[in-house]
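*Asks:* Build the 3D model from these lines:
(chains A, B, C and D)
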Protein chains: 4
Amino acid sequence: MTSESPWDLSSIVPTLMEFRHKRDWEQFHRPKELAAAIAIEAAELQELFLWKEGESAVEIQNDEERMQEISDEIADILIYSIYLANDLGINLNKAILRKIEENSERY
Amino acid sequence: MTSESPWDLSSIVPTLMEFRHKRDWEQFHRPKELAAAIAIEAAELQELFLWKEGESAVEIQNDEERMQEISDEIADILIYSIYLANDLGINLNKAILRKIEENSERY
Amino acid sequence: MTSESPWDLSSIVPTLMEFRHKRDWEQFHRPKELAAAIAIEAAELQELFLWKEGESAVEIQNDEERMQEISDEIADILIYSIYLANDLGINLNKAILRKIEENSERY
Amino acid sequence: MTSESPWDLSSIVPTLMEFRHKRDWEQFHRPKELAAAIAIEAAELQELFLWKEGESAVEIQNDEERMQEISDEIADILIYSIYLANDLGINLNKAILRKIEENSERY
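*Replies:* Numbering: from 1, shown residues only, chains lettered A, B, ... in the order given. Alright, predicted model coming up:
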């Protein structure tokens, strides 16, 4: 069961950790590898938009198959980001908040 | 104020949307551009690990400056991912859950 | 027919331009799109090394199938780089020479 | 001295190898690391086009500073690609030719 807010990932994180632990994949998940995995997934997300200029969010939303692909790639990026943040003890919430404050001063 | 769980991003999302709205940046945030931004930030994260082989999580955690840089880059990746998910109406929680289920069958 | 040196791409460039022209693909090849295409191909190259640490060049060379995949991805990166350099009138030779000189002063 | 054709990299390759050898950098240039370096440079190239939609080649060419930045990033991508091809014994010319033939059948 997921929590009610789409932005509350608390209930999903233990599931992710268990998934990895059962397959004994922690050994492959060095921070450097996870960073590479995030970049690779981000490129796969980007590929869904290649050669397609000027598309609006609405046009994309009307294409169910593409929405599913985009959703899957964002999920992959998030999954590896969560593993990396977890393994290094980074508080995602605080990390984002810090960035917003930094950007608020800059722009 | 952020919520108590480091993985609950619910309270930060409205702040992100407000930050963007105040600067009138929605016009630049087409899905394709956000996907490119995620990929660029992911490469910046990766750069922090370039030419450094075999580093463990613990070694990295002992280097405060690097931890801050890594934390900032993960935050940037998350921020653009949140904008993209928000703009396309993708429920992050459900997207990740679906991916876990798919991967559970595959591996 | 290719020229004798493996590093002399002169004879291949006209073939690439003709290939594109016949398919009327110049319209899609804006500089920004070509830059995205290079990044996506670079990620596909990277994927061939993901989760594999400490591999030497010799180990890779002994795996014929992987060598073919790597060769194909490098070719893709080069192809889009050549299109971009051609379209913007960048002299690859001079661009690299300039970079070497710059790096020679720096390191 | 470089060769006359902008696409003939033959005379620059020995310079690149010498540059690396003098600094004893071969030890860092495992194929996997070079692939990561290419991807990172490709993202830096992409960043030069971020948030800028619909730009034509001509508009970019009129901006001297940007042309220099783009030229430098393409050079970086080429440099790491040459190191990787050299280290794995990949003939760039043949690799590209093979790809063109493959694509000719497909499209």
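
*Asks:* Who are the contact partners of residue A:16?
*Replies:* By CB atoms under 8 Å, 6 or more residues apart in numbering or on different chains, the contact list for residue A:16 reads A:79, A:82-83, B:96, B:100. Glycine gets a C-beta too; all of them are placed from N, C-alpha and C.

*Asks:* Filter those residues down to the buried ones.
*Replies:* Buried members of the contacts of residue A:16, scored by 16 or more other CB atoms under 10 Å in any protein chain shown, are A:79, A:82-83, B:96.

*Asks:* In helices, which of these fall?
*Replies:* A:79, A:82-83, B:96 (DSSP state H).

*Asks:* Which pair of these spans the longest distance?
*Replies:* Taking CB to CB as the measure, these span a maximum distance of 11.6 Å, between A:83 and B:96.

*Asks:* could you pull out the helices for chain A?
*Replies:* Going by DSSP H, chain A shows helices at A:12-22, A:31-47, A:57-61, A:64-88, A:92-106.

*Asks:* For chain A, which residue gets nearest to chain C?
*Replies:* Taking CB to the nearest CB, chain C has its nearest neighbour within chain A at residue A:43, 3.1 Å off.

*Asks:* quick revisit: ok, of the buried ones among the contacts of residue A:16, which one's closest to residue A:13?
*Replies:* Residue A:13 lies nearest to residue A:82 out of the buried ones among the contacts of residue A:16, by CB to CB, at 6.1 Å.

*Asks:* which residues sit in contact with the closest one?
*Replies:* Here residue A:82 is in contact with A:9, A:13, A:16, A:92, B:7 (criterion: CB under 8 Å, 6+ apart).

*Asks:* Show the pLDDT at the third one.
*Replies:* Taken from the predicted model, the pLDDT recorded for residue A:16 is 97.

*Asks:* got it, and the fourth one?
*Replies:* In this prediction, residue A:92 carries a pLDDT score of 96.

*Asks:* pretty sure it is touching residue B:74, no?
*Replies:* Yes: judged on CB atoms under 8 Å, residue A:92 makes contact with residue B:74 at a distance of 7.2 Å.

*Asks:* Show me whatever sits in contact with both of these two.
*Replies:* A:81, A:85.

*Asks:* Just give me the residue right at the centre of chain A.
*Replies:* Among the residues of chain A, residue A:78 comes closest to the average C-alpha position under CA atoms, centre = their mean, at 1.6 Å.

*Asks:* Give me the spatial nearest neighbour of it, chain neighbours excluded.
*Replies:* Once flanking residues are discounted, residue A:78 sits nearest to residue B:96: 5.7 Å by CB to CB, 6 or more residues apart in numbering or on different chains.

*Asks:* one step back: any idea which of the ones in helices among the buried ones among the contacts of residue A:16 is closest to residue A:64?
*Replies:* residue B:96 (19.3 Å).

*Asks:* Against chain D, how distant is that closest one?
*Replies:* Counting by CB to the nearest CB, to the nearest Å, the gap from residue B:96 to chain D is 24 Å.

*Asks:* That residue: what's it in contact with?
*Replies:* By CB under 8 Å, 6+ apart, residue B:96 lies in contact with A:9, A:12, A:16, A:75, A:78-79.

*Asks:* Now distance to residue C:59 too, for those, in a markdown table please.
*Replies:* Below are these laid out as a markdown table (distance: CB to CB, whole Å):
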| residue | distance to residue C:59 |
| --- | --- |
| A:9 | 39 |
| A:12 | 38 |
| A:16 | 32 |
| A:75 | 33 |
| A:78 | 33 |
| A:79 | 29 |
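
*Asks:* Share the number of residues neighbouring residue A:25, please.
*Replies:* Counted with other CB atoms under 10 Å in any protein chain shown, the neighbours of residue A:25 add up to 13.

*Asks:* With residue A:58 instead?
*Replies:* Applying other CB under 10 Å, we find 9 residues neighbouring residue A:58.

*Asks:* ok, now residue A:4?
*Replies:* Residue A:4 has 9 nearby residues by other CB under 10 Å.

*Asks:* Next: the one 4 residues further on.
*Replies:* Using other CB under 10 Å, residue A:8 is surrounded by 20 other residues.

*Asks:* can you pull the contacts of it?
*Replies:* Each residue near residue A:8 by CB under 8 Å, 6+ apart is listed here: B:3, B:5, B:7-10, B:93.

*Asks:* Which residues are in contact with the closest residue in space to residue A:67 that isn't next to it in sequence?
*Replies:* Using CB to CB, 6+ apart and skipping the chain neighbours, the partner closest in space to residue A:67 is residue A:61 (6.3 Å). For residue A:61, the contacting residues are A:67, B:88-89, by CB under 8 Å, 6+ apart.

*Asks:* Buried only: go through these for me.
*Replies:* By 16+ other CB under 10 Å, the contacts of residue A:61 give residue B:88 as buried.

*Asks:* got the contact list for stretch A:28-37?
*Replies:* A:20, A:80, A:83-84, A:87-88, B:42, B:45-46, B:48-49, B:52-53, B:55-57, B:60, B:70, C:46, C:50-51, C:53, D:36.

*Asks:* Could I get the buried residue list for that stretch?
*Replies:* Neighbour-count burial for stretch A:28-37 [16+ other CB under 10 Å]: A:29-37.
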